[in-house]
Every structure is written in structure tokens, then in C-alpha cells.
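Asker: what follows is a predicted structure for the sequence shown.
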Amino acid sequence: MYSSGPFNRQPQNLEEWAELLRIEELPIFSNTAQNIYHALDDKKKGAMDLASVILQDPNLTAKLLRFANSPYYNPSRQKINTISRAIVILGLELIRELTLACSFFESILSSADKERANKEIAWAIHAAVQARELAILTRDLCPEEVFIAALLHNIGHIAFWCSSNKYAVQFHGAISRSKLEAKEAEKKTLGFCLIDLSKKLSKSWHLGGLIDAAISHPDSEDKRIRTVRIGSQICNAIAQGWDSKAMADCMEQMEDLSGKPREALEPRIKANINKAVDIARQFGALDASTHISPDQKLPAVAVHEEEGPNRKQIQFQVLQDISSHISSGAINLNVLLEMVLEGIHRGVAMDRTLFMLLGSDKMSLNEKISLGWQRDYAAEKFHIHNNDFNGNLLFHDLQHHDGLWYKPEEHAALYTQQIENYFGRHECFVFPIKVERKSVGLIYCDRGIGNETLSPEDFSAAKHFVRQAEIGLTLYRMKTNN
């Protein structure tokens with residue numbers, strides 16, 4: 001977390017606090033969240049645009065795949081090895097919500113380990129699980145959306161208490177020492193309540209949908225907003241006791257929403273406590289998980305450092321997904337190519353990977369799928385034309401069957417101005433995609449960001465994925481021609 005930046009003085013009002021926390025404290029969450037929503041809000045963009053955002057972050061990718069294979073989110077236990085397949089199996093909306101949750105915790109869990117911060121995280125996760133389970137009881141069409149709305153309902157509290165900015169830390173102490181009720185202490189110390197900070201952050205992050213609706217209108221009688229609100233109220237009621245007035249009020253509201261009697265609801269609420277602990281641990285919030293159920297004995301978990309991804313294991317797993325898709329008899333070309341590119345990108349550890357389709361005039365190559373390119377999210381897709389005097393490395397490659405390993409010092413003439421403008425001068429692999437011996441496009445990949453060297457083993461592994469693409473495309477064409 002950052003403790004310096006544009007704020008070299010103490011924030012004076014709500015707007016300045018919101019800006020400090022947005023820019024300095026949770027910048028990763030801010031950028032990731034906006035890109036996720038951008039990918040889904042733009043009707044021209046789809047699953048691969050969302051996958052591209054996710055795959056920029058290896059840690060996020062690993063966490064998302066772990067969630068996608070957990071019984072909580074994948075009760076059918078279909079093995080999912082790629083983000084592409086996760087989107088197909090679980091659906092865009094669930095993947096969006098899971099990604100947003102993972103990116104959020106990726107940001108806040110790197111903050112200083114404070115008691116209050118862990119309590120805020122625990123409360124958020126517990127409230128989210130209780131709200132989601134209530135949404136399922138009320139037959140909500142998208143309980144995962146309720147989960148995320150409840151998770152982020154008190155985002156102002158979490159952002160403030162998880163901040164390690166020196167000015168925030170000073171106010172942590174002042175509020176903690178106050179003898180006043182929470183809202184009164186916040187108002188007196190900061191000049192505003194943290195719920196107001198939640199509203200500001202929701203707007204500046206463009207969270208929208210149910211998340212923003214629940215934050216902006218917390219007292220609404222809308223059924224879904226009530227569900228989000230009750231999730232938090234259940235946590236408060238449990239803290240006060242099962243025989244408390246707060247719990248009786250919660251039960252009355254839940255009976256009204258679900259049509260279930262208290263006798264059926266209470267065991268569910270208690271079971272949800274263990275679910276919340278499990279979810280917290282999956283998010284990596286081990287310290288926070290102990291605050292969800294301090295009075296219950298829960299099994300301890302061993303904490304292991306997560307090892308980096310094993311390339312060969314990733315290659316094997318992705319190839320399994322590709323084989324399953326090809327043998328399913330219902331080949332979706334976009335999904336097939338997305339999985340192939342993901343296999344090269346993750347399994348061969350490429351920085352930038354690109355599939356381009358050959359135009360009908362055979363004189364142009366047009367980007368269809370790309371991963372890892374550091375450019376403006378709204379930038380135009382790549383279009384390469386065969387108008388260089390002696391050709392260029394892409395059109396040169398289309399004449400070869402097995403693809404080539406290009407190096408700037410050995411193939412200088414093929415790195416034309418057009419290629420430099422789009423890709424720079426980097427060592428790269430380029431493979432033509434051929435169906436019935438005719439080129440239909442190509443795959444380009446390089447390590448042009450980290451500039452790590454390529455190896456013959458890398459070339460062989462990438463080539464194997466390309467062959468899977470050609471097999472799938474050939475089978476698809478054979479089936480459509482019958």
C-alpha cells in the first residue's frame with residue numbers, strides 16, 4: 001500500500017478522503033473493476049475481452065480457477081482448467097462477480113495486518129454469504145450479484161480501516177479511542193460517516209448495478225436491496241445473541257422474504273457461518289476468518305506459500321480442456337481459439353499472444369483474439385497489410401507449414417516499419433493456422449514485455465497448441481460440410 005503520492009497533507013473532507021483511498025490505497029482494484037465492467041457493458045465485447053482482463057494478472061487467474069472448481073461455486077464438479085472454459089461453464093455474470101471479489105481482496109489483503117481491518121473483512125464476507133443464501137431461498141435469478149453487493153456494501157469502512165496511509169492511521173487511533181457510537185465517532189473525527197465514503201467510492205469506481213443501488217439507497221424496500229441489507233443485519237444479530245431482539249427482527253424479515261419458518265431458517269444461518277469461514281480462507285483472509293466465528297471451534301488450516309504455476313502442468317490441464325471441447329461434438333470456434341491462446345499465454349509463459357484471421361482478399365491480417373497487450377483498452381484492433389515491398393514476418397510466415405522462430409538480428413528485413421509500429425522488434429514465434437493445407441490465419445506470441453529469452457522447448461510447446469487449433473478447425477469444417 002502507498003503512504004505517499006499526491007496527498008502530502010492530511011485530507012480535509014469527504015472528497016479528498018475518497019480520492020486518497022481510490023488512487024493511493026486500492027489502485028489495482030480500481031483499474032481491474034473498471035476494466036471488468038467495461039468489458040461487459042460494451043455490447044461489442046464478450047467473453048474473451050473479459051478473459052483478457054483476468055489473464056493480465058496471474059495471481060487473479062489462479063484464484064479465480066480455484067474458486068471456479070470449488071463446490072460452493074461449481075457443485076457439478078466439472079473440472080475447469082482455463083478461464084475460457086470457466087466463462088462457458090459458469091457464465092459471464094458469475095465470472096464477473098468472482099473476478100471483482102478476487103481483485104478486491106487481492107488489494108486489501110496486502111494492507112497492514114490490523115485487528116480492525118480483519119474484523120471489517122470478516123464482516124463483509126460473512127454478510128455476503130448470508131445474503132447470497134437468502135437470495136437462493138427467495139429464488140433470486142442471480143444470487144452471486146447479491147453476494148458481491150453485500151460484500152462491497154461497506155466498502156468505505158473496509159477501504160478506510162485497511163488503509164496504511166499515515167493520515168488514515170492517525171484517524172484509526174482517534175476513532176478507536178472515542179467513547180462514542182461508531183457513526184458519531186466517525187462524524188466527529190472525520191467530518192462524515194464512512195457510509196458516505198462508500199457512496200463516493202462506488203460512484204468513482206463506476207460499480208453500478210445492485211452494488212451501487214444498495215449503497216446509495218440502503219433503506220430501500222426493493223427485494224434485492226433488502227436481501228443485501230439483511231445479510232449485514234444477520235451478522236450484527238449473531239453478535240448480539242440468538243435470543244436477542246435483533247435476531248428476532250432478522251428472522252421476521254427473512255420469514256417475510258422467503259416464506260420459510262424460523263425453525264427452517266436458523267439451521268441455515270448457522271451453516272452459513274462455516275461457509276463464510278471457508279470462503280474467507282479461499283480468499284486468503286485467514287486472519288479475518290477467525291473473526292467470523294470466534295466462539296465456534298473450526299478446523300485449523302495449514303498456511304502454505306503458493307508456488308508459482310508449473311508450466312507443464314498448465315499445458316497438460318489446458319490441453320485436457322481443448323481435447324474435451326473438440327471431442328464434445330459441438331465445437332465452438334471462438335472458445336476453441338480462446339483456449340489455444342490461453343494455453344500458449346499461460347502454459348508457455350508468453351507476455352503477448354495474438355490470433356489474426358486472414359482477410360478474404362488474402363492481403364490483410366485482422367486481430368480476432370489477443371492477450372497481454374499493454375495498450376488503451378478501447379484501442380483499435382491490429383490490422384496488418386501485405387503492402388511492404390519485400391513482405392513482412394507475418395505474411396512471410398504464412399508460406400511456411402510449421403511456423404518460424406524470428407529474431408530481429410537474423411530476420412532484420414522482415415521487421416518492417418509496419419511490424420515495428422504494432423509489435424516492436426522482439427524475438428517471437430509465428431505459426432500459420434492451416435485447414436486443408438490452406439492458411440486461414442496465424443498465431444503470434446512473444447515475451448516483448450519482460451524480454452525473457454525463448455527456447456526450443458517453448459517453440460515445441462506453442463506449436464503443439466497450434467496443432468490442436470488446426471485439428472479442431474478441420475473437424476469443424478468437416479462437420480459443417482456434411
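Answerer: Yes, it's here. Numbering: from 1, shown residues only.

Asker: who's in contact with stretch 223-241?
Answerer: Defining contact as CB atoms under 8 Å, 6 or more residues apart in numbering, one finds that stretch 223-241 is touched by 123, 126-132, 134-135, 138, 140, 145-146, 149-150, 153-154, 210, 213-214, 217-220, 244, 246-247, 249-250, 253-254, 257, 269, 273. Every C-beta, even on glycine, is put in place using the N, C-alpha and C of the backbone.

Asker: so for it, what's the average pLDDT?
Answerer: When pLDDT is averaged along stretch 223-241, the result is 93.

Asker: now it, how far from the centre of its chain.
Answerer: Distance of stretch 223-241 from the chain centroid (CA atoms, centre = their mean, to the nearest Å) equals 26 Å.

Asker: for that stretch, buried residues please.
Answerer: Buried residues in stretch 223-241, counted by 16 or more other CB atoms under 10 Å: 224-235, 237-238.

Asker: circling back: list buried residues within the contacts of stretch 223-241.
Answerer: Neighbour-count burial (16+ other CB under 10 Å) is assigned, among the contacts of stretch 223-241, to 123, 126-132, 134-135, 138, 140, 145-146, 149-150, 153-154, 210, 213-214, 247, 250, 253-254, 257, 269, 273.

Asker: circling back: tell me the two of the buried residues of stretch 223-241 that are most distant?
Answerer: With CB to CB as the measure, no two of those lie farther apart than 224 and 238, at 22.2 Å.

Asker: center of this protein - which residue?
Answerer: Ranked by distance to the mean C-alpha position of the chain (CA atoms, centre = their mean), the top residue is residue 99 at 2.5 Å.

Asker: any idea how far that one is from residue 60?
Answerer: When distances are taken as CB to CB, to the nearest Å, residue 99 and residue 60 turn out to be 7 Å apart.

Asker: got it, and residue 228?
Answerer: As for residue 228, its distance to residue 60 is 25 Å (criterion: CB to CB).

Asker: roughly how far apart are residue 16 and residue 23?
Answerer: From residue 16 over to residue 23 the distance is 11 Å, taken as CB to CB.

Asker: same question for residue 387.
Answerer: Counting by CB to CB, the gap from residue 387 to residue 23 is 44 Å.

Asker: neighbour count: the two, which is higher?
Answerer: When residue 387 and residue 23 are compared on other CB atoms under 10 Å, the one with more neighbours turns out to be residue 23, at 15 against 12.

Asker: what about that one, distance to residue 201?
Answerer: Using CB to CB, which is the criterion applied here, residue 23 is 11 Å from residue 201.

Asker: quick one: residue 204 and residue 18 touch, right?
Answerer: Yes: with contact defined as CB atoms under 8 Å, residue 204 counts as touching residue 18 (6.2 Å).

Asker: so the two - more neighbours on which side?
Answerer: residue 18 (24 against 16).

Asker: residues contacting that one?
Answerer: The contact partners of residue 18, taken as CB under 8 Å, 6+ apart, are 197, 200, 201, 204.

Asker: quick check: buried residues in the helix or strand where residue 274 lies?
Answerer: When elements are defined using DSSP states H and E, residue 274 is found to belong to helix 262-282. Applying a neighbour-count criterion of 16+ other CB under 10 Å, one finds 265, 268-269, 272-273, 275-282 buried in helix 262-282.

Asker: next one: residue 480 relative to residue 358, how far apart?
Answerer: According to CB to CB, residue 480 stands 18 Å off from residue 358.
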